[in-house]
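# here is my input; please provide its structure:
(2 chains)
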Number of protein chains: 2
Amino acid sequence: MPQVAETRREPVPMNGVDTPVLLATINAVGAQPELAKFTFRASQKWIAGTHSQGRFETFFGAGTNHDHKHDVVYDFDHPPVLTGRDNGPTPVEFLLIGLTGCIMAGIGNIAAARGVQLTEVTARVEGDIDLQGILGLSKEVRNGYQKIRVSFDIKGDAPAEKLRQIVEQGRARSAVYDVLTNGVPVEIEIKA
Amino acid sequence: MPQVAETRREPVPMNGVDTPVLLATINAVGAQPELAKFTFRASQKWIAGTHSQGRFETFFGAGTNHDHKHDVVYDFDHPPVLTGRDNGPTPVEFLLIGLTGCIMAGIGNIAAARGVQLTEVTARVEGDIDLQGILGLSKEVRNGYQKIRVSFDIKGDAPAEKLRQIVEQGRARSAVYDVLTNGVPVEIEIKA
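Model prediction:
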């Protein structure tokens, strides 16, 4: 989402964004910062082997709990080459679409706030991982991705430089980009 | 996945894991480390506003490309309280189920390698985020989660302490846990 200060003209709805409502929301949160505190929640259930199911749960935000419109449950598994049954994508792949999905949500909003009509935005993302880490075969190799590469392709009614700046601002305001590049404290409790 | 050294008995299939094949795979990779190099790939397409779709693509590993068994496309959106239309979960929520999905895949494998029959594994996960960061309202507030909390509940035919150690080893060998807690370099290219 964009900074209010970046808006250059009277905001009008575009790109599927109700731009006046977006800017009013930002101003409302600016006036009452406790509205900005959100807690997202999910649950996971083991099925068999490397197969589990994740469910998106009720989340808290703007002072109250919210249900998602749809009950969404996704399958996770490893592929046969990693001795799974491919009942779903691998957990590490969810990080990739989480990253591009987050930057892209920002792009839609930022373009609308800057009065740019987008016609097409696509991205490719890939991550390199050396499984010697998680297989316990090397202490020098980390468990996770060693590098993630993203390529955005953006088209709209603005000069290339302005379109590039919209993607750059999407990155600069992305929650997932921040978490993936800077890390976050994770606390784990175990009941057995 | 477990270290070979942790296996205490003749491996037998259990928990939906073909344990002998799992251990043979780890040994094969140990003998030929270039098999461990994987690249996971995804693509993203903007639809409108904060709504986009992510698709899991062909991945490279063990020296060759692999297709997923199913063509999987997931919707992303913001909820109405964040001026979206809730066509799908938010990108930050994908990080939560990616984390629990990854640790849980390890739990299935590790339990099988240790000869423990699991009966039930569930997890709850939540992440706190202060949206003053992504809304551009505060320079002191980060964009991403400030903290993630996970709670695992594990049941099986082993003492509580042994079950707890299985979850702990799942965390210690988790690719997503590593990425989320330590971060990863992300390189972004923009074509406009």
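# which parts of chain A are strands?
Applying DSSP state E to chain A gives strands spanning A:37-48, A:51-56, A:59-61, A:64-66, A:73-76, A:118-130, A:147-156, A:186-191.
# lowest average confidence across helices and strands of chain A, where is it?
The weakest-scoring helix or strand in chain A, judged by mean pLDDT, DSSP states H and E, is helix A:19-31 (a mean of 93).
# gap between that helix and the chain center?
From the chain centre to the centre of helix A:19-31 is a distance of 21 Å (CA atoms, centre = their mean, to the nearest Å).
# before we move on, back to that, can you list the strands of chain A in JSON lines and add mean neighbour count, mean pLDDT and distance to chain B?
From N, CA and C alone the C-beta is placed, and that goes for glycine too. Output for those, formatted as JSON lines (neighbours: other CB atoms under 10 Å in any protein chain shown; pLDDT from 0 to 100; distance: least, CB to the nearest CB, whole Å):
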{"stretch": "strand A:37-48", "mean neighbour count": "21", "mean pLDDT": "98", "distance to chain B": "3"}
{"stretch": "strand A:51-56", "mean neighbour count": "23", "mean pLDDT": "98", "distance to chain B": "3"}
{"stretch": "strand A:59-61", "mean neighbour count": "19", "mean pLDDT": "97", "distance to chain B": "6"}
{"stretch": "strand A:64-66", "mean neighbour count": "12", "mean pLDDT": "97", "distance to chain B": "6"}
{"stretch": "strand A:73-76", "mean neighbour count": "19", "mean pLDDT": "98", "distance to chain B": "4"}
{"stretch": "strand A:118-130", "mean neighbour count": "21", "mean pLDDT": "98", "distance to chain B": "4"}
{"stretch": "strand A:147-156", "mean neighbour count": "19", "mean pLDDT": "98", "distance to chain B": "5"}
{"stretch": "strand A:186-191", "mean neighbour count": "15", "mean pLDDT": "98", "distance to chain B": "5"}
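# just give the closest residue to A:Asp157, not the sequence neighbours.
Nearest residue to A:Asp157, sequence neighbours excluded (CB to CB, 6 or more residues apart in numbering or on different chains): A:Gln117, at 4.7 Å.
# from B:Ile26, how far off is the one you found?
53 Å (CB to CB, to the nearest Å).
# okay, those two: which has more neighbours?
B:Ile26 (24 against 11; other CB atoms under 10 Å in any protein chain shown).
# how about that one, nearest residue that isn't a chain neighbour?
That would be A:Leu135: by CB to CB, 6+ apart, it lies 5.1 Å from B:Ile26.
# correct me, but that neighbour touches B:Ala31?
No - A:Leu135 is not in contact with B:Ala31 according to CB atoms under 8 Å; the separation is 12.0 Å.
# looking at those two, which one has more neighbours?
Remark: of A:Leu135 and B:Ala31, A:Leu135 carries more neighbours, 24 against 9, as counted by other CB under 10 Å.
# dump the residue contacts of the residue nearest to A:Asp157.
A:Met14, A:Asn15, A:Ala111, A:Gly156, A:Asp157 (CB atoms under 8 Å, 6 or more residues apart in numbering or on different chains).
# likewise A:Phe152?
Counting by CB under 8 Å, 6+ apart, A:Phe152 has contacts A:Ile103, A:Val121, A:Thr122, A:Ala123, A:Val167, B:Ile188, B:Glu189, B:Ile190, B:Lys191.
# for A:Gly106, give me the pLDDT.
If you check A:Gly106, the pLDDT there is 97.
# same question for A:Pro11.
pLDDT, A:Pro11: 87.
# so what's the residue count around the closest residue in space to it that isn't next to it in sequence?
Closest residue to A:Pro11 apart from its sequence neighbours, by CB to CB, 6+ apart: A:Thr19 at 3.9 Å. A:Thr19: 23 surrounding residues under other CB under 10 Å.
# just A:Val81 next, same as before
Count around A:Val81 with other CB under 10 Å applied: 16.
# quick check: the gap between it and A:Gly61.
40 Å.
# and for A:Thr100?
Per CB to CB, A:Thr100 is found 23 Å from A:Gly61.
# could you do A:Arg114 as well?
A:Arg114 is 26 Å from A:Gly61, by CB to CB.
# go on, A:Gln165?
Counting by CB to CB, the separation of A:Gln165 from A:Gly61 is 29 Å.
# residues contacting the closest residue to A:Phe76 other than its chain neighbours?
The shortest distance from A:Phe76 to any non-neighbouring residue, by CB to CB, 6+ apart, is to B:Gly101 (3.7 Å). For B:Gly101, the contact set (CB under 8 Å, 6+ apart) comprises A:Gln44, A:Ser52, A:Gly54, A:Phe76, A:Pro91, A:Phe94, B:Val176.
# return the member of the residues you listed nearest to B:Gln146.
Within these, proximity to B:Gln146 (CB to CB) peaks at B:Val176, which comes in at 18.3 Å.
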